[in-house]
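# Sequence and predicted structure below; questions after.
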Amino acid sequence: MKREKIKDILAAGKVGDSVLVKGWVRAFRSNRFIQVNDGSTIKNIQAVVDFENFDEALLKRVSTAAAVAVSGEIVESQGAGQSIEIKVSEVEILGDANPDDVQKTVMQPKKHSLEFLREQAHLRFRTNTFGAVFRIRHAVAFAINKFFNDRGFYYLHTPIITGSDAEGAGEIFQVTNLDPLNLPIAEDGSIDYKQDFFGKPVNLTVSGQLEAELGAMALGQVYTFGPTFRAENSNTSRHLAEFWMVEPEVAFNDLKDNMDLTEDFLKYLSNYVLTNCADDLQFLNDREVNEQKSKPQKDRSELTLKERLEFVVNNEFKRLTYTEAIQVLRNSKPFKKKKFQYDVEWGIDLQSEHERYLVEKEFKCPVILTDYPAGIKAFYMRQNDDGKTVAAMDVLFPGIGEIVGGSQREERLDVLKSKMADFNIPEEDLAWYLDTRKFGTAPHAGFGLGFERMIMFVTGMTNIRDVIPFPRTPQNAEF
Ligand code: ATP
Ligand code: MN
């Protein structure tokens, strides 16, 4: 008999059908009811054994976490909680789970902290919470490709090893095959990178944008979606050292077009999860509602997870300039009462506390801030006519803070060159990039969405480590 997936049986199985199911035991109660899960859905199927017909030694091995194959007939369920179940004729143990090991790890006791689960890499996947998170993560990855494909974008694979530090932030991981204990030294005493693998220092990419711009200036609309690395030594709940970024880049788009694209995109992804991940979303929604009960009133979110997604789908994002936002912040209660940890004045880089005030207290909706001071943004952002600001945009989300950063790019060669000089970026280093401004330059714009920050938003998980299968953070690259 061919194995069937539990999701398909629960959706379309008919009483009287013979089925074979393979999965892992979630629970075995009263020597009679086996709850089996195979990962195809958050739901288990109930397999009922008549213990008199089975070998006692065999049933003993049907323990939590064991891998089993069960076959039998679909019957109407007598119990509450499911409409059909399997009346088992055969049980096969595919892989035992030692009850002592199980006891010590994730399967027992019932409730575990997310922190504890991070140390149980393989069993973490077996929990309802992480099953739901990773099924949704997959769905969003698919939706991203679908969104762009449906709109005529090309998926461009930009390099992981690169010679450029796009953001100029310097938070890079160097890649080398030189022996650190035996570095070749040049005549002037510096490390002789000519002898390194690529003949020069290279690093893991911090963004695929500069390369994507080259694609956009020929293919029109492209996007990248790949791993991104930042050696930021900030142990926050919103930063990973290895994360995934989605970066569309569109020829002939200006900042307004860029904002429209971002807003459509984030609405599309939120709606995709609402329509296509109903069971997993409901589980995470209820989980959060339960968790909130143990929190003080002031720390509870006003909307449930599902309501937050619906809110994003159905409401316009608030758009305002950085300069206006500074005004709003300086007129705010926390500013006047000196409740902000960091000062607010024109020219500062907004801190997370300021972003969250704007999103969660002032506007109570997603916010797009535009036209930031040139000095706090990357060199490639287009200079505005005021000479002080650039055509940048950051999208701020409730509970997350910055989820998207983007801009209209500087397409004027002379302005770009003088900007690079201001930022001390040697022209030779980016000659290949400057070439796009010499051969039919054109206005263009794009943005970067932190994939894991989006997954945090659509799952309600509050630590970014809990939305990626194998998190990499300072001092932590286990598994
Ligand atoms: P932040 O101020 O939050 O550090 P950033 O300004 O460094 O963000 P960008 O360089 O604009 O971020 O990158 C684009 C997007 O990538 C961000 O909006 C965010 O969603 C995501 N992102 C940036 N750094 C990280 C990180 N270390 N881990 C996960 N996502 C990140
Ligand atoms: Mn950063």
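Now that the structure is in, tell me what you want to look at. Ligands and ions are numbered 1, 2, ... in the order given.
# C-alpha from now on. contacts and neighbour counts both.
Will do.
# quick one: stretch 447-456 to chain centroid distance?
The chain centroid and the centroid of stretch 447-456 are separated by 5 Å under CA atoms, centre = their mean, to the nearest Å.
# gap between the two ends of stretch 384-398?
29 Å (CA to CA, to the nearest Å).
# right, quick check: that stretch against ligand 1, any contact?
No - contact of stretch 384-398 with ligand 1 (CA under 6 Å from any ligand atom) is absent, the minimum separation being 7.0 Å.
# Can you tell me how far the residue in the chain sticking out farthest from the centre is from residue 85?
Of all residues in the chain, residue 52 has its C-alpha farthest from the mean position, at 49.2 Å, by CA atoms, centre = their mean. Shown here: residue 52 relative to residue 85, a distance of 19 Å by CA to CA.
# And for residue 103?
Distance from residue 103 to residue 85, by CA to CA: 28 Å.
# again, but for residue 212
Relative to residue 85, residue 212 is positioned 52 Å away (CA to CA).
# And residue 144, by the same measure?
36 Å.
# quick one, which of the two is more surrounded?
Shown here are residue 144 and residue 85; by other CA atoms under 10 Å, residue 85 has more neighbours (25 against 20).
# Which parts of the stretch 351-479 of the chain are strands?
For the stretch 351-479 of the chain, strands defined by DSSP state E, counting those that start in this stretch occupy the ranges 367-373, 389-397, 401-408, 444-450.
# Start and end of stretch 375-385, how far apart?
End-to-end for stretch 375-385, by CA to CA: 15 Å.
# which residues sit against that stretch?
Outside of stretch 375-385, the residues within contact range by CA atoms under 8 Å, 6 or more residues apart in numbering are 167-168, 347-349, 371, 374, 389-392, 407-411, 415-416, 419-420, 423.
# first to last residue in stretch 95-104, what's the distance?
Rule used - CA to CA; the end-to-end distance of stretch 95-104 is 18 Å.
# Start the count at 574 instead of 1 going forward.
Right, with 574 as the first residue, what we last looked at is stretch 668-677.
# For that stretch, give me every contacting residue.
Contacts for stretch 668-677 (CA under 8 Å, 6+ apart): 634, 635, 636, 637, 638, 639, 640, 641, 681, 682.
# residues in contact with the first one?
Counting by CA under 8 Å, 6+ apart, residue 634 makes contact with 666, 669, 670.
# pLDDT at the second one, what is it?
With respect to pLDDT, residue 669 scores 95.
# Phi and psi next, for it.
phi -80, psi 160 (degrees, to the nearest 10).
# Now stretch 746-762: average pLDDT?
The model assigns stretch 746-762 a mean pLDDT of 96.
# List the buried residues for that stretch?
746, 748, 749, 757 (16 or more other CA atoms under 10 Å).
# Any chance of the residues you listed in CSV with distance to residue 1032 and secondary structure as columns?
Converted to CSV, the buried residues of stretch 746-762 look like this (distance: CA to CA, whole Å; DSSP: H, G, I helix; E, B strand; the rest coil):
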residue, distance to residue 1032, secondary structure
746, 30, coil
748, 34, strand
749, 37, coil
757, 49, coil
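# Identify the farthest-apart pair in those residues.
Within these, two members stand farthest from each other by CA to CA: 746 and 757, at 19.8 Å.
# packing partners for the helix or strand hosting residue 798?
According to DSSP states H and E, residue 798 maps onto strand 794-802. Applying 3 or more CA pairs under 8 Å, 6 or more residues apart in numbering; DSSP states H and E, we find strand 794-802 packed against strand 727-728, helix 782-792, strand 815-824.
# Quick check: neighbours of it in the sheet, parallel or antiparallel?
According to DSSP bridges, strand 794-802 has the following sheet partners: strand 727-728 (parallel), strand 815-824 (antiparallel).
# and the angle for it with helix 782-792?
160 degrees (axes from the mean of the first three to the mean of the last three CA atoms, to 10 degrees).
# Over strand 794-802, what's the mean pLDDT, rounded is fine.
For strand 794-802, mean pLDDT is 98.
# Could you tell me how far stretch 935-954 lies from the centre of the chain?
That offset, for stretch 935-954, works out to 21 Å (CA atoms, centre = their mean).
# tell me which residues of it are tucked away?
For stretch 935-954, by 16+ other CA under 10 Å, it's 938-947, 950-954.
# Kindly report the same for stretch 616-629.
Applying 16+ other CA under 10 Å to stretch 616-629 flags 616, 617, 618, 619, 620, 621, 622 as buried.
# near ligand 1, which residues of the chain?
So the chain meets ligand 1 at 803, 811-814, 816, 818, 975-978, 1021-1023, 1026 (CA under 6 Å from any ligand atom).
# Looking at those, spot the one nearest residue 1038.
Nearest to residue 1038 among those, with distances taken as CA to CA, is residue 813, at 7.4 Å.
# what's the residue nearest to residue 790 when sequence neighbours are not counted in contact with, if anything?
Leaving aside its chain neighbours, residue 790 sits nearest to residue 824 (6.0 Å; criterion: CA to CA, 6 or more residues apart in numbering). Contacts for residue 824 (CA under 8 Å, 6+ apart) come out as 789, 790, 793, 794, 1015, 1016, 1017, 1018.
# Format those residues as CSV; extra columns: distance to residue 713 and neighbour count.
Formatted as CSV, the contacts of residue 824 follow (distance: CA to CA, whole Å; neighbours: other CA atoms under 10 Å):
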residue, distance to residue 713, neighbour count
789, 24, 23
790, 27, 22
793, 24, 18
794, 20, 26
1015, 32, 17
1016, 30, 18
1017, 26, 25
1018, 23, 30
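# What is the nearest of the residues you listed to residue 836?
So of the contacts of residue 824, ranked by how close each gets to residue 836 (CA to CA), first place is residue 1018, at 14.3 Å.
# ok, now how distant is the closest residue in space to the closest one that isn't next to it in sequence from residue 1019?
The shortest distance from residue 1018 to any residue other than its chain neighbours is 4.1 Å, reached at residue 981 (CA to CA, 6+ apart). Distance from residue 981 to residue 1019, counting by CA to CA: 7 Å.
# same question, residue 586
From residue 586 to residue 1019 the distance is 47 Å (CA to CA).
# what about residue 712, which helix or strand?
helix 701-723.
# what's that helix packed up against?
helix 828-849, helix 851-866, helix 1024-1032.
# Tell me what angle the longest one forms with helix 851-866.
To tie it back to what came earlier, the one meant is helix 828-849. 100 degrees.
# quick one: contacts for residue 574?
The contact partners of residue 574, taken as CA under 8 Å, 6+ apart, are 592, 593.
# same thing but at 10 Å, please
If you count contacts by CA atoms under 10 Å, 6 or more residues apart in numbering, residue 574 has them with 591, 592, 593, 594, 644.
# one step back: just say which of the helices and strands packed on strand 794-802 is most tucked in.
Sort these by mean neighbour count, taking mean count of other CA atoms under 10 Å, and strand 815-824 sits at the top with a mean of 24.
# tell me the mean pLDDT over that strand?
Mean predicted confidence for strand 815-824 is 98.
# got it, and stretch 938-955?
97.
# coming back round to it: looking at the contacts of residue 824, which one is closest to residue 600?
Among these, and counting by CA to CA, the member closest to residue 600 is residue 794, at 50.2 Å.
# That closest one is in contact with residue 831, isn't it?
No - using CA atoms under 10 Å, residue 794 makes no contact with residue 831, being 12.0 Å away.
# shared neighbours of those two, which are they?
The contact sets of residue 794 and residue 831 overlap at 821, 822, 823, 1017, 1018, 1019 (CA under 10 Å, 6+ apart).
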